[in-house]
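Trainee: Coordinates for the following, if possible.
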Amino acid sequence: MKPTRIRMCHSLVMNYGLYKKMEIFRAKPANKREMSQFHTDEYVEFLSKITPSNMNNFVKEQLKYNVGDDCPVFDGLFEYCSISAGGSMEGAARLSRNKCDIAVNWAGGLHHAKKGEASGFCYVNDIVLGILELLRYHKRVLYIDIDCHHGDGVEEAFYTTDRVMTVSFHKYGEYFPGTGELRDLGIGKGKYYSCNFPLRDGITDENYKSVFEPVITQVMQSYDPSAVVLQCGTDSLSGDKLGCLNLSMRGHANCVKFVKSFGLPLLLLGGGGYTMRNVSRCWAYETGLAAGVELGSEIPVNEYYEYFGPDYKLDVRQSNMEDMNTREYLERIKGIVLDNVRKVGGPPSVQMTDIPRTADDYADDNADEDMDDPNERIPVRQRQKMIQPDMELSDSEDEGEGGRRNHQSNKSAGKAPASEKTPEIEIPTSNLLSTNSQATRSPHTATTAVSSETVPSPAGAAGTADTAEKNGAAAMDLYIQPRQRNWIVMAQRVIRPLITSLPRATRISTRAFHVSAARVASTSPFTERTGVNLSETKYRAVSDSLHSYGSYLIQCLPKFVQQYSVLKDELTLYVAPSAIIPVLSFLRDHTQCQYKAVMDITAVDFPTRDQRFEVVYHLLSVRHNARIRVKTYADETTPVPSATSLFRGADWYERETWDMYGVFFKDHPDLRRILTDYGFEGHPLRKDFPLTGYTEVRYDEEKKRVVYEPLQLTQAFRNFDAASPWEMVGDGKDVKPEAFKLPVAKPAEEQKKP
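Mentor: Down below sits the predicted model:
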């Protein structure tokens with residue numbers, strides 16, 4: 001992901017003469033306010049402050065925001081994020097203003113970044129920011145991802161809306177980020193607006209084309225977008241260091257050519273790609289396709305010419321890698337995907353109005369950026385000409401043919417000379433390419449487009465309820481009711497100062513206020529205490545995270561989740577019977593839930609209640625290593641919707657619950673007894689079987705079922721003497737119960753007689 005690959009691509013574009021067919025300009029870097037349209041204020045502020053010199057002061061924040069391993073800290077980190085995000089936002093703004101037909105930002109395409117954390121070499125999700133800009137003028141935006149990795153960050157951001165449809169073709173299985181399952185279709189209004197096509201290793205150009213073009217054609221027909229964003233990650237090319245697909249340069253570029261043929265406003269973005277010579281070749285070739293120019297096969301002489309040896313050709317060929325994608329597998333997956341796409345509804349009835357901008361939006365904080373160093377007065381464009389030896393994730397001699405021929409640089413790359421400092425990572429200015437006249441991006445304000453909330457992990461890895469409330473208010477989330485959100489914010493702002501002013505002995509945990517209004521006004525029959533057990537200090541950290549996660553779930557599903565409770569390290573949601581299917585679907589399919597395993601379904605009987613049964617669902621998320629309980633209620637006649645359509649394992653669990661408790665499950669395919677014998681009347685755990693009386697329950701071999709027969713007594717009743725340790729047996733006569741009397745003490749007068 002080093003910026004050298006962007007400079008190499010730009011050098012090819014210039015030396016091929018493509019600049020004559022398009023306008024090339026430096027995009028205005030995005031500022032903190034623009035990044036906060038999607039990302040949280042705290043996360044953006046963290047990125048702006050952390051540097052390699054002070055990173056030891058942000059150890060806790062690095063863990064919280066997932067910065068350090070796959071997303072290391074380097075000098076110029078925030079500048080890099082600003083340039084990448086600003087390029088995509090400016091390209092989207094130019095498309096919306098009809099300033100160009102196609103906009104290109106190869107420095108963008110960072111599709112793994114989440115609202116409040118970095119992931120997979122991605123710090124700021126420029127794709128989401130660009131789509132939010134497009135949604136200011138376009139009713140529907142289509143996002144297509146041909147990177148080898150799943151675009152989880154973009155899918156998560158628009159998982160609950162029908163104004164953005166995400167389509168991703170990616171390697172699925174034991175592969176980062178582990179998301180993008182075929183069944184991940186969206187939730188709520190976003191159902192069927194998330195489309196995933198999981199691939200296996202080694203797919204070729206022919207097989208890729210056979211699935212890409214039919215799926216995109218059907219998406220265009222069913223969804224009818226007015227703008228398209230295409231993420232062109234090149235780690236799907238053959239020979240990529242971190243990829244496992246087998247596309248040639250022309251097979252990869254065929255996707256760009258096919259999407260361009262629909263004639264819609266198109267934003268081309270970069271993405272993954274870790275073999276720099278192939279990345280620059282592919283993106284330069286696709287830039288030519290966007291400009292309508294067929295590039296020659298000979299690489300023109302340029303400052304990076306030695307990188308493209310030994311053939312110096314503009315081509316990336318397929319290898320002899322085995323294609324694990326059989327024809328039967330691709331046809332089966334394609335059929336399922338096409339069926340799901342056909343279920344997409346018509347265009348939404350959204351009134352499109354421009355959002356007025358303030359005077360501050362037109363201010364350029366980087367007007368003097370040409371002079372990078374006021375002491376040396378070196379323009380940025382001149383600084384970009386300085387070629388820097390590549391370190392990590394670059395081509396080297398051990399890669400075989402095509403390795404870089406600067407032997408002196410390779411030998412000295414491991415250590416810096418004593419008289420020189422190790423070169424710092426250089427951040428080039430993003431070059432935004434468009435195929436029409438030059439114009440400047442209009443600044444951005446808060447958009448009315450749909451964005452996802454801050455998503456705390458079930459294991460407590462990200463965010464708090466406060467952050468979700470603060471940053472979610474700027475976006476129009478389909479699940480959050482404005483009055484409810486305002487009530488929460490008001491409670492947090494007004495009540496917390498009162499709490500902190502109390503003496504320590506009387507102070508109340510503020511976690512009690514991380515609850516929506518639906519929890520306070522709930523009239524559900526649940527009686528379990530939902531407060532926090534302050535005496536539990538062992539699970540305090542986990543409990544805090546679960547409270548944040550429970551608040552997030554209530555915010556996402558305010559119509560369905562009535563309340564939640566946290567006991568030690570376990571979270572329980574309380575829902576109405578009609579909400580079982582929507583809630584379980586959300587917990588199973590949402591990328592921050594992934595509760596794909598049902599561990600148990602059971603019930604608890606409270607005979608004195610009107611709704612005497614509590615039905616309990618135990619779910620497990622293997623991805624997050626987390627458990628969750630979902631509780632609903634029912635009486636003896638009202639059925640609960642069956643979960644067999646979501647979990648295959650629910651079949652036997654629901655049969656067992658009906659057999660033991662008598663809870664009916666609607667739409668269950670085979671609701672019959674599983675533990676008791678056929679013919680048994682009643683349900684054992686409701687005590688619906690005789691403990692006393694004169695009825696015998698037994699299994700009849702001839703009738704092959706349980707029969708009930710009157711009890712015939714053939715043994716004398718036993719007479720018990722409480723004063724004796726021995727059982728006293730009667731005289732052998734068959735005494736009826738009504739004639740049987742316990743011995744009584746003699747009167748006092750009789751005891752006194754001699």
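Trainee: in what helix or strand does Glu655 lie?
Mentor: No Glu there; residue 655 is Arg. Using DSSP states H and E, Arg655 sits in helix 650-661.
Trainee: quick one: buried residues of that helix?
Mentor: 650-651, 653-661 (16 or more other C-beta atoms under 10 Å). The C-beta positions use only the backbone N, C-alpha and C, and glycine is treated the same way.
Trainee: Same question for stretch 539-555.
Mentor: In stretch 539-555, counting by 16+ other C-beta under 10 Å, buried: 542-555.
Trainee: I'd like the buried residues of helix 650-661 laid out as CSV, including pLDDT and distance to Gly17.
Mentor: Conversion of the buried residues of helix 650-661 to CSV gives the following (pLDDT from 0 to 100; distance: C-beta to C-beta, whole Å):
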residue, pLDDT, distance to Gly17
Ala650, 94, 63
Asp651, 94, 66
Tyr653, 95, 67
Glu654, 95, 68
Arg655, 93, 72
Glu656, 94, 73
Thr657, 94, 72
Trp658, 90, 75
Asp659, 90, 77
Met660, 91, 78
Tyr661, 91, 77
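Trainee: Pick out the most distant pair among those.
Mentor: Asp651 and Tyr661 (16.5 Å; C-beta to C-beta).
Trainee: Present the buried residues of helix 650-661 as a markdown table; the columns should include distance to Val104.
Mentor: Output for the buried residues of helix 650-661, formatted as a markdown table (distance: C-beta to C-beta, whole Å):
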| residue | distance to Val104 |
| --- | --- |
| Ala650 | 49 |
| Asp651 | 52 |
| Tyr653 | 53 |
| Glu654 | 54 |
| Arg655 | 58 |
| Glu656 | 59 |
| Thr657 | 57 |
| Trp658 | 60 |
| Asp659 | 63 |
| Met660 | 63 |
| Tyr661 | 62 |
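Trainee: between those, which is closest to Arg277?
Mentor: Distance to Arg277, by C-beta to C-beta, is smallest for Ala650 among the buried residues of helix 650-661, at 52.3 Å.
Trainee: ok now do the closest one, which residues does it touch?
Mentor: Applying C-beta atoms under 8 Å, 6 or more residues apart in numbering to Ala650 gives the contacts 598, 601, 642-644.
Trainee: now with 10 Å?
Mentor: By C-beta atoms under 10 Å, 6 or more residues apart in numbering, the contact list for Ala650 reads 584, 598, 600-601, 617, 642-644, 657, 665, 668.
Trainee: Buried only: go through those residues for me.
Mentor: If we count by 16+ other C-beta under 10 Å, the contacts of Ala650 have these buried: 584, 598, 601, 617, 642-644, 657, 665, 668.
Trainee: what's the neighbour count on Arg33?
Mentor: 15 (other C-beta atoms under 10 Å).
Trainee: just checking, what packs against the helix or strand harbouring it?
Mentor: Element membership of Arg33, judged by DSSP H and E, is helix 32-35. With contacts taken as 3 or more C-beta pairs under 10 Å, 6 or more residues apart in numbering; DSSP states H and E, helix 32-35 sits against helix 41-49, helix 77-96, helix 126-134.
Trainee: got the buried residues for that helix?
Mentor: Residues of helix 32-35 classed as buried: 34-35 (neighbour count, 16+ other C-beta under 10 Å).
Trainee: What mean pLDDT does it get?
Mentor: For helix 32-35, the mean per-residue pLDDT is 95.
Trainee: re earlier: out of the contacts of Ala650, which are inside strands?
Mentor: 598, 600-601, 617, 665 (DSSP state E).
Trainee: Output these in CSV; the columns should cover pLDDT and distance to Phe58.
Mentor: Shown next, in CSV, are the ones in strands among the contacts of Ala650 (pLDDT from 0 to 100; distance: C-beta to C-beta, whole Å):
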residue, pLDDT, distance to Phe58
Val598, 95, 40
Asp600, 95, 42
Ile601, 96, 44
Tyr617, 97, 40
Phe665, 94, 51
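Trainee: Which two among those residues are spaced furthest apart?
Mentor: Asp600 and Phe665 (14.6 Å).
Trainee: residue ranges with poor pLDDT in the stretch 501-650 of the chain?
Mentor: 501-537 (pLDDT under 70).
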